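*Asks:* turn this into a structure:
(chains A and B)
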2 protein chains.
Amino acid sequence: MAQAKLTIDLAALRANWRALAAKSHSETGAVVKADGYGLGANQVALALADEGARRFFVASCEEGASLRDALGSGPEINVFSGHMDGDTALIRDAQLTPMINSIDQMLRQVEALPGAPFGVQLDSGMNRLGMEPAEWGALRDIALAQNPTLIMSHLACADEPDHPMNAQQLQAFHEMTDGIDAPRSLSATGGILLGADYHFDVTRPGVGLYGGLPFEDAKPVVTLDIPVIQIREVAPGESVGYGNNFIAQSPTRVATIAAGYADGVIRAMGPQAQLWSEDTRCKVLGRISMDMIAVDVSALNGDPASLTLLGHMQSVDVVADWAGTIGYEILTSLGHRYDRTYLT
Amino acid sequence: MAQAKLTIDLAALRANWRALAAKSHSETGAVVKADGYGLGANQVALALADEGARRFFVASCEEGASLRDALGSGPEINVFSGHMDGDTALIRDAQLTPMINSIDQMLRQVEALPGAPFGVQLDSGMNRLGMEPAEWGALRDIALAQNPTLIMSHLACADEPDHPMNAQQLQAFHEMTDGIDAPRSLSATGGILLGADYHFDVTRPGVGLYGGLPFEDAKPVVTLDIPVIQIREVAPGESVGYGNNFIAQSPTRVATIAAGYADGVIRAMGPQAQLWSEDTRCKVLGRISMDMIAVDVSALNGDPASLTLLGHMQSVDVVADWAGTIGYEILTSLGHRYDRTYLT
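*Replies:* Have a look, this model is predicted:
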């Protein structure tokens, strides 16, 4: 079995949702885009639906249609990319709720699916998705007459509580939406942690559910155990791996383990990365290969059957630091060769 | 359709295999591990089997079993990780040929599957997989009496033709294998390009098949077109994306396109990355998000329906440079949300 084991703790995921719901002065939804941040959108959404979530958020209509098959009718599935050319049949058949981002999308929606539910996404300053204030000003009365299910925007700097952009976007969102009857939503995980002013009617936690920062109290959700293929003694002066990047200075026991950058162990981590055998740290040696990593197991007494990259001793954010990235990318890069087990 | 289109040109893949086979003074196999370097192991292997490849190489028995279902009986499927604990049933049922890496694996093989085909992997200096010279010395006569189908090793520095490690490993491989009747294999793409001394009886091209360096004459195999969700005018002083990382210095037309690091557009590329609209370059602005990227389309006359990240104008290696990595990782990171089309 040269197959690493990815264990996904749905009980921890549910606990993270409950904790973020307890902080939200509002209804609490769940963002399950990118296949539930790499952990399986269907399994994640079913667990959170059972926990009480009623509004789910995905990136595209294709993701939404797949999720509808798993969830059945009932929960609302909101699509951030809105109603794009070619989406009409998916939106209708899978009962999706597009977040309309532009006048073009609004025209497409009301022409193709008159009376069907939709939300509106506004740009409060991030300049990524949603209508600009002027566009919204022109469209607002027409849109509101159609009873949108949600009016939403997204914060660009919510992971940095002191960033002045947060207050600027909050003010812009108020200016665009105050006095509106439709439910409003501004905050994902970071915004929830900014406090009640940012919560409005619906919050949309994402990364915090999956055990990532900025939710410091998140329970870890993923454990990744990678099997050892073989162990060898490397003499001083011998090299290990591609490009001879590691050269042993002293006698070293080297384990070759069965995962690599094709499994989402990002190559840029290189020798900064560490794995664990119970409570002993083991350093990566040299370059991460496509399917294999060399690890220094000199400190261990026996021969380990596997080593642990993610788990209670080291979070997705710690591992992300070694690759110069964020925990989100560690999660969404988790590969498709793992043997996945869900703990309930 | 917020779904990017990944087009995989199997005719180009076949041409790359033929070109590498023409350079190989030997039988030419094909490495299709990591789901065919991200492009679909089944489609890739069927195309290359049709082209004449008879020895395929995968990383694990799980990959091998899946490939056997697609290929049917006949072609040899060699497994680099060898015969690990728990692999016996897969090896037997899927008629896999494990590359035995250690005495432990050899014992497991002959006890569980006496008389079944196997190969032997030797360590010629990379210290990653395979038997050490001393281990091989002790086991060689016993192993050869069982008629191994292949005796192989792997080069650590073949991408650097002038690296002294290449000649060292060549000599070590000769010392361990000269006089043996079984077919021998030392070279993947890089080794093929080092010349006939490195070819022995079987070559194992991988990355060159898929259009990557070090095979400079490779035809590009993948094209990635990412749809535009919306386009907006951004005024000087306004910011775009997470962390306000880009601030417009002049009026800028910004397209938000529907792919991100969850699709393998590695986040570390950031604003070094560029996309193309026909023959016009368009720069990425600010951070790459999970499902979206902001791109400067000020230079374009009309509104593009999509922008191209990979294709004839820019290879996997060019894109890899922006992320500080290699083309291999761009390929194996290609995501699962793409609409995949195979050109035959």
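*Asks:* only C-alpha atoms for contact and neighbour calcs from this point on.
*Replies:* Fine.
*Asks:* so which strand or helix has A:A294?
*Replies:* Secondary structure from DSSP states H and E places A:A294 in strand A:293-296.
*Asks:* helices and strands around the following helix or strand past that strand, which ones?
*Replies:* Toward the C-terminus, strand A:293-296 is succeeded by strand A:306-310 as the next helix or strand (DSSP H and E). Contacts defined by 3 or more Cα pairs under 8 Å, 6 or more residues apart in numbering or on different chains; DSSP states H and E place strand A:306-310 against strand A:222-234, strand A:274-277.
*Asks:* for the first one, which helices and strands make contact with it?
*Replies:* So that's strand A:222-234. strand A:5-9, strand A:252-257, strand A:306-310.
*Asks:* mean pLDDT for those - can I get that in TSV?
*Replies:* Formatted as TSV, those follow (pLDDT from 0 to 100):
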stretch	mean pLDDT
strand A:5-9	98
strand A:252-257	98
strand A:306-310	98
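*Asks:* dump those strands to a markdown table, plus mean neighbour count.
*Replies:* Putting those into a markdown table (neighbours: other Cα atoms under 10 Å in any protein chain shown) gives the following:
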| stretch | mean neighbour count |
| --- | --- |
| strand A:5-9 | 21 |
| strand A:252-257 | 24 |
| strand A:306-310 | 23 |
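*Asks:* among these, which is nearest B:A59?
*Replies:* Ranking the helices and strands packed on strand A:222-234 by proximity to B:A59 (Cα to Cα) places strand A:252-257 first, at 11.7 Å.
*Asks:* is chain B contacted by that closest one?
*Replies:* Yes. For strand A:252-257 and chain B, the contact criterion (Cα under 8 Å from any Cα of the partner chain) is met by A:T256.
*Asks:* for that strand, output the C-alpha coordinates as CSV.
*Replies:* Presented in CSV, the C-alpha positions along strand A:252-257 are these (Å, rounded to 0.1, in the frame of the first residue of the first chain):
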residue,chain,number,x,y,z
THR,A,252,21.9,9.3,8.4
ARG,A,253,18.9,6.9,8.3
VAL,A,254,16.7,8.0,5.4
ALA,A,255,13.1,6.9,4.9
THR,A,256,11.5,7.2,1.4
ILE,A,257,7.8,7.9,1.9
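*Asks:* ok, residues contacting that strand?
*Replies:* A:226-236, A:292-298, A:306-307, B:128-129 (Cα atoms under 8 Å, 6 or more residues apart in numbering or on different chains).
*Asks:* returning to what we had before: hmm, who's touching the strand holding A:A294?
*Replies:* Residues contacting strand A:293-296 (Cα under 8 Å, 6+ apart): A:240-241, A:252-260, A:275, A:282-288, B:128.
*Asks:* closest residue of the stretch 201-344 of chain A to chain B?
*Replies:* Of the stretch 201-344 of chain A, the residue with the smallest distance to chain B, taken as Cα to the nearest Cα, is A:Y242 at 4.5 Å.
*Asks:* wait, that residue sits on A:L285?
*Replies:* No. With contact defined as Cα atoms under 8 Å, A:Y242 does not reach A:L285; the gap is 10.4 Å.
*Asks:* so these two - more neighbours on which side?
*Replies:* Taking other Cα atoms under 10 Å in any protein chain shown, A:Y242 and A:L285 do not tie; A:L285 has more neighbours (25 against 20).
*Asks:* what's near enough to touch that one?
*Replies:* Residues counted as contacts of A:L285 (Cα under 8 Å, 6+ apart) are A:V240, A:G241, A:F246, A:G270, A:P271, A:I293, A:A294, A:V295, A:D296.
*Asks:* separation between A:R18 and chain B?
*Replies:* Separation of A:R18 from chain B (Cα to the nearest Cα, to the nearest Å): 24 Å.
*Asks:* excluding residues flanking it in the chain, which one is nearest that residue?
*Replies:* Leaving aside its chain neighbours, A:R18 sits nearest to A:E51 (7.9 Å; criterion: Cα to Cα, 6 or more residues apart in numbering or on different chains).
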